[in-house]
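Colleague: generate a structure from the sequence data that follows.
(chains A and B)
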Amino acid sequence: MERTHTCGELRLGHVGEQVVLMGWVAKKRDFGVLTFIDLRDREGVTQVVMNEEDAGEAHAKAKNLRGEFVIAVKGKVIEREGTHNAKLATGDIEVHATEILILNDAKVPPFQLEVAGSENLAAEDTRLKYRYLDLRRPQLQHNIRMRAKAVAAIREYFDGRGFIEIETPILLKSTPEGARDFIVPSRIHTGKFFALPQSPQILKQLTMIAGFDKYYQIARCFRDEDLRADRQPEFTQLDMEMSFANQEMAYREIEGMFGHVFKLIGVDLPAQWPRMTYAEAMRRYGSDKPDLRFGMELVELSGELAGTDFAPFASVLEARGEIKCIVAKGKSDYSRKQLDELQDFVKRYGAGALAWIKLSDETTSSLLKALGETKIAELASTSGAEKGDLVLIVAGRKSVVRAALGALRVEVAKRENLIDRNSHKPLIVTEFPMFEHDEETDTYMAAHHPFTSPMDEDLELFKTAVNDPSQHHLLGKVRAKAYDAVIDGYECAGGSIRIHQKEIQDLNFKALGMTKESARTRFGFFLDALEYGTPPHGGFAAGIERTCMILCGTENIRDVMAFPKTASAQDLMMDSPGDVDEAQLEELGIEVSEPST
RNA sequence: GGAGUCGUAGUUCAGUUGGUUAGAACGCCAGCCUGUCACGUUGGAGGUCGCGGGUUCGAGCCCCGUCGGCUCCGCCA
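Modeller: Predicted structure coming up:
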């Protein structure tokens, strides 16, 4: 028996045809002499009817069917009379079975795949243990197929523009800055290790040096860091690079690629996205990946409070911190409890407190006693708040205020449903800083990665900062030719124009505190390569999962991965990571001992 | 490394102030039912209250520890 149609295919036009469907028993409704089966495959659900009168054998077999049995059904397509089901795409018809073949039976599933009329899915650990069952859910089927379409669209886009898909090795060499590496022992070279790629960064640059001009790859990447709702230890990125490129050319490819991909969900992203410098994004939104689907921008109050004798604010301003606020429109009715919750929220980001002003019938504020009515009114006015609004204020170090208010802005928007889920707002953030300052060690680290080119305008500044030890702090002011693509508050892609001159690359390693020797040990092959005619080049990498999360309207990366890991980086289905045989370890010359904290 | 939160039947949950035999719905099993599509109906089975310890006459409930899920901070060049 061969399948003739899928379970999502049959319509009124098929009425009268003999068909064979194959799939899973989603539901059985037994009326004694009459039995209904909802037969499910990846394309949909079709109702199958077994009537004892005219199909005794099939009806008798249906008696033994249980949920998730795999069956083949042969029968005739019949129009439903007066019992059309508008909820089913195939609801105009049903198949009257004449023959049923049980292809396989199934144990009772450990959880109900989907409880109708409810969002109450089984606990996620249970579903992860039986991921192959959870994946039968239509929503996950849809997400995984959307992901396949997105990847296909990306290939279509880059193939069409003359990019060459090149695979790079998974077994690489550890380069200890950046994220922790996953390492793989070498049997042939006892005591030596490969590392899995955190990204194919250097290799794609080498494809430029090798003259391929335009490269792309759907690349699996590995980072041994803690997980988040949007982060897994292994993930996939679209990795691309092109020679003779400047930032604008890279932006065009970002816009073109995402524009092509978002057509999958019927969304037309603008041909040219808005641009915003990193500095402006941080100032206005407290984030380098602002969600532009709502306003609530940060407002500076430091000027208004200069010279205040309220000690907490005075000490912040003296330490060159800042005082900023956001305005929650129409939320002057927030309760003490709600404000306490928000205060707990900002404290996670290091904020000492959350001050507030409520502009209801009368103005109240947590700062009333400290600042007085007049000052409160002035602050409210500066913030742009109107009657009925709530002003939320954070004071502290600049980095803390931005992180806290930037996150609070998103939190309030979520709580108050200010985000239009059907709109998508892309943005290109430009002019990222070249370095990040580590306050503990007083060192500078690459903000993007150590191959990122400084901006031409900041080249002299860069040289001065590196070569003159007394001017080292100026590194914090150097801007890079680095950029991110942000959609709806997610960093969907990031990239840069790279350094193609060895002297600049040497300077950069020096800026990062690397000696010539250590730079050679790690990147010697790359430094060599730079000297053999490296074209100017640049590109970006786009997160496949994050992009798919937006396409699928989910906030969890596990919803767009077939076999994800838990927050503690385990696979509950195959129970990995696991032990290996003593013999395997011995062959590799590896002994396992307790890690020293 | 840290914080929050959750853990009770196969699943989702309820469980009062610490008090008799731990409940409901769905699912499962058996029967009845010719038009259901969240079928209906009758009956039934099903529990190490995550695990370990403590307090108590008595613990699902209180305390300590521990394990696991989720989320966040740190981390993620």
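
Colleague: quick one: mean pLDDT over the host helix or strand of A:Leu206.
Modeller: A:Leu206 belongs to helix A:201-209 when assigned by DSSP states H and E. Throughout helix A:201-209, pLDDT has a mean value of 97.

Colleague: do that helix and RNA strand B meet?
Modeller: Yes. Using CB under 7 Å from any atom of the strand, helix A:201-209 comes into contact with RNA strand B via A:Gln201. (Each C-beta comes from the backbone N, C-alpha and C, glycine too.)

Colleague: by contact count, what packs against that helix?
Modeller: strand A:214-222, strand A:234-243, helix A:516-530, strand A:537-543 (3 or more CB pairs under 8 Å, 6 or more residues apart in numbering; DSSP states H and E).

Colleague: now, of the ones you listed, which is deepest in the fold?
Modeller: Highest mean neighbour count among the helices and strands packed on helix A:201-209 (mean count of other CB atoms under 10 Å): strand A:537-543, with a mean of 24.

Colleague: A:Phe163 contacts A:Lys214, correct?
Modeller: Yes. Contact between A:Phe163 and A:Lys214 holds when scored by CB atoms under 8 Å: they sit 4.3 Å apart.

Colleague: find residues that contact each of those two.
Modeller: In terms of CB atoms under 8 Å, 6 or more residues apart in numbering, A:Phe163 and A:Lys214 are both contacted by the residues A:240, A:242.

Colleague: re the thing from before, make a markdown table out of the helices and strands packed on helix A:201-209 and add mean pLDDT and distance to RNA strand B.
Modeller: Conversion of those to a markdown table gives the following (pLDDT from 0 to 100; distance: least, CB to the nearest atom of the strand, whole Å):
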| stretch | mean pLDDT | distance to RNA strand B |
| --- | --- | --- |
| strand A:214-222 | 97 | 8 |
| strand A:234-243 | 98 | 10 |
| helix A:516-530 | 92 | 10 |
| strand A:537-543 | 98 | 8 |
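
Colleague: as a markdown table, those with distance to A:Thr308 would be great.
Modeller: As requested, the helices and strands packed on helix A:201-209 are arranged in a markdown table below (distance: least, CB to CB, whole Å):
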| stretch | distance to A:Thr308 |
| --- | --- |
| strand A:214-222 | 48 |
| strand A:234-243 | 47 |
| helix A:516-530 | 49 |
| strand A:537-543 | 44 |
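
Colleague: what's the burial count for the closest residue to RNA strand B within chain A?
Modeller: For chain A, the residue closest to RNA strand B is A:Gly178, as judged by CB to the nearest atom of the strand, at 2.4 Å. Using other CB atoms under 10 Å, A:Gly178 has 15 neighbouring residues.

Colleague: quick one: contacts for it?
Modeller: Counting by CB under 8 Å, 6+ apart, A:Gly178 has contacts A:198, A:449.

Colleague: tell me the SS of it?
Modeller: Here A:Gly178 is recorded as coil under DSSP: H, G, I helix; E, B strand; the rest coil.

Colleague: which residues are in contact with A:Glu436?
Modeller: A:444-447.

Colleague: please repeat the previous calculation with a cut-off of 10 Å.
Modeller: A:Glu436 is in contact with A:443-448, A:475-476, counting by CB atoms under 10 Å, 6 or more residues apart in numbering.

Colleague: one step back: now the helix holding A:Leu206 against strand A:214-222, angle please.
Modeller: 170 degrees (axes from the mean of the first three to the mean of the last three CA atoms, to 10 degrees).

Colleague: find the residue closest to A:Leu408 in space, skipping its chain neighbours.
Modeller: A:Val346 (5.5 Å; CB to CB, 6 or more residues apart in numbering).

Colleague: next, count neighbours for the one you found.
Modeller: For A:Val346, using other CB under 10 Å, the count is 23.

Colleague: and the pLDDT at it?
Modeller: Note on A:Val346: pLDDT of 95.

Colleague: now the helix or strand hosting it: buried residues?
Modeller: Secondary structure assignment for A:Val346, by DSSP H and E: helix A:336-347. Across helix A:336-347, burial judged by 16 or more other CB atoms under 10 Å covers A:339, A:342-343, A:345-346.

Colleague: returning to that earlier point: A:Ser302 is nearest to which of the helices and strands packed on helix A:201-209?
Modeller: strand A:537-543 (35.4 Å; CB to CB).

Colleague: list the helices and strands the closest one packs on?
Modeller: Here strand A:537-543 touches helix A:201-209, strand A:214-222, strand A:234-243, helix A:247-262, strand A:482-487, strand A:490-497, going by 3 or more CB pairs under 10 Å, 6 or more residues apart in numbering; DSSP states H and E.

Colleague: list the contacts for A:Leu196?
Modeller: Contacts of A:Leu196 by CB under 10 Å, 6+ apart are A:169-172, A:174, A:181-184, A:220-224, A:233-234.

Colleague: which among those gets closest to A:Met249?
Modeller: Distances from A:Met249 to the contacts of A:Leu196, taken as CB to CB, are shortest for A:Cys221 (24.0 Å).

Colleague: now that closest one: closest residue in space, sequence neighbours ignored.
Modeller: A:Cys221's closest residue in space is A:Ser199 (CB to CB, 6+ apart), at 5.2 Å.

Colleague: what's the spacing between the one you found and A:Leu301?
Modeller: Distance of A:Ser199 to A:Leu301, given as CB to CB, to the nearest Å: 40 Å.

Colleague: one step back: thought the residue nearest to A:Leu408 was touching A:Glu411?
Modeller: Yes. Taking CB atoms under 10 Å as the definition, A:Val346 is a contact partner of A:Glu411 at 8.8 Å.

Colleague: low-confidence regions, the stretch 451-597 of chain A specifically.
Modeller: Where the stretch 451-597 of chain A drops to pLDDT under 70, the residues are A:595-597.

Colleague: which residues does A:Asn104 bridge with?
Modeller: Here A:Asn104 sits in beta bridges with A:Val70, going by DSSP bridges.

Colleague: check what pLDDT it gets.
Modeller: 96.

Colleague: quick check: it touching A:Glu68?
Modeller: Yes. The criterion here is CB under 10 Å, and A:Asn104 meets it with A:Glu68 at 9.3 Å.

Colleague: number of residues surrounding A:Gly533?
Modeller: Residues near A:Gly533, counting by other CB under 10 Å: 9.

Colleague: which residues does the closest residue in space to it that isn't next to it in sequence contact?
Modeller: Using CB to CB, 6+ apart and skipping the chain neighbours, the partner closest in space to A:Gly533 is A:Ile209 (7.4 Å). Contact analysis of A:Ile209 by CB under 10 Å, 6+ apart lists A:243, A:500, A:526, A:529-535, A:537.

Colleague: at 7 Å instead, please
Modeller: A:529, A:532, A:534 (CB atoms under 7 Å, 6 or more residues apart in numbering).
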